[in-house]
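Participant: Sequence plus predicted model, see below.
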Amino acid sequence: MMSRLVTARLLQALVAALLIATLCFAMMQTLPGDAAMRIAASRYGPDAMSQQLAEAVRLELGLERPLLTQYAASLMQLARLDLGYSLVSGAPVIEELKVQLGHSLWLALLALALSLLFGPTLGLLAGIRPGGWVDRLSLGLSILLRALPPFVLGLLLIMVFSLWLGWLPPAGFGSWRHLLLPALTLALGLAALSSRVTRDAMAEVAAAPYFAYGRQKGLDGLALAGRHGARNAAIPVVAYLGLQSVYLIEGVVVVESLFAFPGIGHALVHAIIARDVPMVQGTVLIMGLLFIFINLLVDTLCRRLDPRLNAWQEVRR
Amino acid sequence: MTPVLCIENLQIASAGQVLVDNINLRVEAGRPLTLLGASGSGKSLVMQAVMGTLPAGLDVRGHIGLDGQNLLALSPQQRRALWGRKLALLPQEPWLALDPTMPVQGQVSEVHRLIHRRSKHEAQRLTQQQLDEVGLQQAGQQYPFQLSGGMCQRAAIAITHAADCPVLLADEPTKGLDSALRDSVAARLRHEVNTGRLLFTISHDLDLARRLGGHVGVMRNGRLLEQGDAAQLLQAPQHPYSRRLLAAQPSRWPQRQSREKGDLVLQARGLGKQYGSRTLFEKLDIRLHRGQITAISGPSGCGKTTLGNVLLGLTPPDQGQVQRSAGIAPIRFQKLYQEPPAAFAPRQRLGRAFADLARLHRIPDRAIAALLQRLQLDEALLARRPGEVSGGELQRLALARVLLLQPVLLFADEASSRLDPLSQQQVMQLLLELADERGLAVLLVTHDAALAARTADQTLVLGAPRVRCGDCSTRETDRASA
């Protein structure tokens, strides 16, 4: 069962890699302006840029070759697991990504941890009494937080915690204090949804006949919640984490730019502006594979929590 | 002192409206009590009053005595403290009441560990012993979805054994089980009585009441119509309603006269279907004629519904073919579902469902009105939502909706098995009458052999599915809901 799951995900990763490579190539080709000039400008600074330098870049990178040749070359390179060299810095893409990905992972993990602290807790409280004041308050809060795009939310947090209260630095990198605001920005957006998912899951479990039966067996509140509530309510919440990783990955791009945090999202934005195709491709590829990996983890966890999932798949087969 | 559970002058009211009134009943050791009644008769409220699980806002008066205590005088906390210690509940439809994500063993042993505070080792030993007692020694590691309905029922009984309470409350213990399993459930409950437990059962299953013996009460509209010795009351009931209830059992229905065969509606040749490694049926030849009732019966899980769906064209057969007679519009092959609530949109008023159908198929309003009248349905019901009418009414509404499409073949899939005996009789009677009036070919799928025998012109009995290979699981599948 497990091996089938892994095989399916690996196949998915392969297809994703091919698609990402093709899409990246196509998108970079369709951007307006001359690629060689933009790369030269990024490398040597806009002031030092000249027609000669741009021509040199064009020849060096083979940008004058026919499109199909360039495309085939990029795919072949990818097949050798070679992400190539950054067109701007000249360093291997993989080296740059290692550093940036590390920073981003810390940010994402902290954001996830914070969101799990807020979201499911609030959701549980709301779900125990659907329609109660906690439920209505958390619904209003979720709508508000979710309606704000991450960059507006981030700006609001900077205003409150950096400008008014002066507790945290508004941007930059170096200590845990720099991590806190961007992580909080992401976490609030994540918690807005996971609290609602938890609330619905909890309300459903609380209304389920097995929950009533557990109570009538004589289990007290805490034992009942621990033995029959938490695990059943966690199933949809965990399953939803897979979807939330999309929000996390796209949020990282916006939030890192806003807070000048040197992570993979920040790098992606810069690479796109500089038309650094290998960097864009490498970054998007890593993000895509990360997404698939996260979903593999989520699937595995869900099967742990809910043995019925395995059985259903067997029946379908 | 021999333990006794006695209910005296019980009255349950909601906002001034009396729901249950003047109930006096008694359960003694060796003399179980079975409260019979249709849904809405108030029998569930009586059981909830004993257990202490009545919804908030209901006003309860009277006396429920156990061990010299008046249960109704206790605080909610005190009542809750009795659960699992003095009062054990056998829940209805245990396959829904067991935690779906916990192995059976854990659900038994938690009673020892968390309620009786026994040591881990002791809890393990007793759990194994109790699973052995109900024949589930191998099933401890299994999850409820891996067990059949009968096994889930036995797991729930093992849980009540773990609780080891003097009083056992059984809530519709045979609901959703086929007749073979009903008998075994009755035998197990009878065993509980013999070990000295006070057994209080609510049900609409007269067979169960007869097998349990002891004392029987019949309820309707919140009143106890009569009570008395089970054997006597079920043999010669005094109250007219009890007599009707008794006569509503399929085994006492009058035999339907065989009708002449009408035109051929469809014929199937060499039908076969496998489900994984199990062969549900093979080499079946079936001909369905207008005006004829064809019953498919057999134990649950034998493939009855699948065969019906194959004949109707909802599921392709693995072998053979189904040929419809030429010139019949496809819409005239229709199905009536087992669970009426599942056949209607839950938040839509019933009138809307009919209006949509009428618009789509250009059905005049008076045709609907006439049909509702024929099915003894009040038009005022159309203003309600599916959850606000009784199961019997909803199934008749579903029947009305299907008949508006002028079907030639109607496949009724356990269409009455979830209804109480009176509603069941009414729905089936109307279905058969209309089949005669309109020359309908009816395909009945039922696990009730008596019902098939009383109504059908031809009956097809499917056996339990055969398993081809040796290593496949051969677990019994006996849930009536398929």
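Facilitator: Structure's in. What do you need? Numbers count the residues shown, from 1 in each chain, chains lettered A, B, ... in the order given.
Participant: which residues touch the closest residue to chain B within the stretch 151-300 of chain A?
Facilitator: The stretch 151-300 of chain A approaches chain B most closely through residue A:218 (2.2 Å), counting by C-beta to the nearest C-beta. Quick note: C-beta positions are derived from backbone N, CA and C, even for glycine. Counting by C-beta atoms under 8 Å, 6 or more residues apart in numbering or on different chains, residue A:218 touches B:80, B:83-85, B:111, B:115, B:163.
Participant: what about the residue nearest to it when sequence neighbours are not counted, distance to residue B:113?
Facilitator: For residue A:218, ignoring the flanking residues on the chain, the nearest one in space by C-beta to C-beta, 6 or more residues apart in numbering or on different chains is residue B:84 at 2.2 Å. From residue B:84 over to residue B:113 the distance is 12 Å, taken as C-beta to C-beta, to the nearest Å.
Participant: And the two? Which one has more around it.
Facilitator: More crowded of residue B:84 and residue B:113, by other C-beta atoms under 10 Å in any protein chain shown: residue B:84, with 24 against 19.
Participant: Retrieve the pLDDT associated with the more buried one.
Facilitator: With respect to pLDDT, residue B:84 has a value of 90.
Participant: Wait, it touches residue B:111, no?
Facilitator: Yes. Counting by C-beta atoms under 8 Å, residue B:84 does reach residue B:111; the two are 6.3 Å apart.
Participant: Need the overlap of contacts for the two.
Facilitator: Taking C-beta under 8 Å, 6+ apart as the criterion, residue B:84 and residue B:111 both touch A:217-218, B:163.
Participant: Show me those residues that map onto helices.
Facilitator: Under the assignment DSSP state H, the shared contacts of residue B:84 and residue B:111 contribute A:217, B:163 to helices.
Participant: of all of chain B, which residue lies closest to chain A?
Facilitator: Of the residues in chain B, the one nearest chain A is residue B:84, at a distance of 2.2 Å by C-beta to the nearest C-beta.
Participant: Could you pull up the contacting residues of that residue?
Facilitator: Counting by C-beta under 8 Å, 6+ apart, residue B:84 touches A:216-219, B:111, B:115, B:163, B:165.
Participant: Closest one to residue B:140 out of these, please.
Facilitator: Checking the contacts of residue B:84 against residue B:140 by C-beta to C-beta gives residue B:111 as the nearest, at 14.0 Å.
Participant: Spit out the contact partners of that closest one.
Facilitator: Contacts were defined as C-beta under 8 Å, 6+ apart; by that measure residue B:111 touches A:217-218, B:84, B:159, B:162-163.
Participant: which among the residues you listed gets closest to residue B:421?
Facilitator: Closest to residue B:421 out of the contacts of residue B:111 is residue B:159 (29.3 Å), distances taken as C-beta to C-beta.
Participant: isn't the closest one right up against residue B:109?
Facilitator: No. Counting by C-beta under 8 Å, residue B:159 sits too far from residue B:109 to count as a contact (9.8 Å).
Participant: Looking at those two, which has the bigger crowd around it?
Facilitator: Legend: neighbour count by other C-beta under 10 Å for residue B:159 and residue B:109, higher for residue B:159 (28 against 25).
Participant: Chain neighbours aside, what residue packs nearest to that one?
Facilitator: In this structure, residue B:159 finds its nearest non-sequential neighbour in residue B:108, 5.5 Å apart by C-beta to C-beta, 6+ apart.
Participant: Now do the SS call for the one you found.
Facilitator: Classification of residue B:108 by DSSP: H, G, I helix; E, B strand; the rest coil places it in helix.
Participant: Does it touch residue B:156 like I think?
Facilitator: No. Assessed by C-beta under 8 Å, residue B:108 is found out of contact with residue B:156, at 9.7 Å.
Participant: ok, how many other residues are close to the residue in the stretch 51-200 of chain A that chain B sits nearest to?
Facilitator: Nearest residue of the stretch 51-200 of chain A to chain B: residue A:129, at 12.9 Å (C-beta to the nearest C-beta). For residue A:129, the count of nearby residues is 13 (other C-beta under 10 Å).
Participant: Helices of chain A, residue ranges please.
Facilitator: According to DSSP H, chain A carries its helices in the segments A:2-30, A:35-44, A:51-61, A:67-79, A:93-128, A:133-147, A:150-157, A:176-206, A:209-217, A:221-224, A:230-258, A:264-273, A:277-305, A:308-316.
Participant: Over to the stretch 1-150 of chain B?
Facilitator: With helices called from DSSP state H, counting those that start in this stretch, the stretch 1-150 of chain B shows them at B:43-51, B:76-82, B:94-97, B:104-110, B:120-133, B:149-163.
Participant: farthest-separated two in the contacts of residue A:218?
Facilitator: Across the contacts of residue A:218 (C-beta to C-beta), the longest gap, 15.1 Å, separates B:80 and B:111.
Participant: Alpha carbons of stretch B:274-286, as PDB, please.
Facilitator: Taking Å, rounded to 0.1, in the frame of the first residue of the first chain, the C-alpha atoms of stretch B:274-286 are listed here in PDB:
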ATOM      1  CA  GLN B 274     -18.000 -10.600  -9.400                       C
ATOM      2  CA  TYR B 275     -16.800  -8.300  -6.700                       C
ATOM      3  CA  GLY B 276     -13.100  -8.600  -6.300                       C
ATOM      4  CA  SER B 277     -12.700 -12.400  -5.900                       C
ATOM      5  CA  ARG B 278     -16.300 -13.000  -4.800                       C
ATOM      6  CA  THR B 279     -18.800 -14.200  -7.200                       C
ATOM      7  CA  LEU B 280     -22.100 -12.600  -6.400                       C
ATOM      8  CA  PHE B 281     -24.100 -14.400  -9.000                       C
ATOM      9  CA  GLU B 282     -23.600 -16.100 -12.400                       C
ATOM     10  CA  LYS B 283     -25.600 -17.500 -15.300                       C
ATOM     11  CA  LEU B 284     -28.800 -15.900 -14.300                       C
ATOM     12  CA  ASP B 285     -31.700 -15.700 -16.800                       C
ATOM     13  CA  ILE B 286     -34.500 -13.300 -15.700                       C
END
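Participant: thinking again about what came up before, filter the contacts of residue A:218 down to the buried ones, PyMOL style.
Facilitator: Written as a PyMOL command, the selection of buried residues from the contacts of residue A:218, which uses 16 or more other C-beta atoms under 10 Å in any protein chain shown, is:
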select buried, chain B and resi 80+83+84+111+115+163
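Participant: OK, contacts around the residue nearest the centre of chain A?
Facilitator: For chain A, residue A:249 is the residue whose C-alpha lies nearest the centre (C-alpha atoms, centre = their mean; 1.9 Å). When the contact criterion is C-beta under 8 Å, 6+ apart, the partners of residue A:249 are A:108, A:287, A:290-291.
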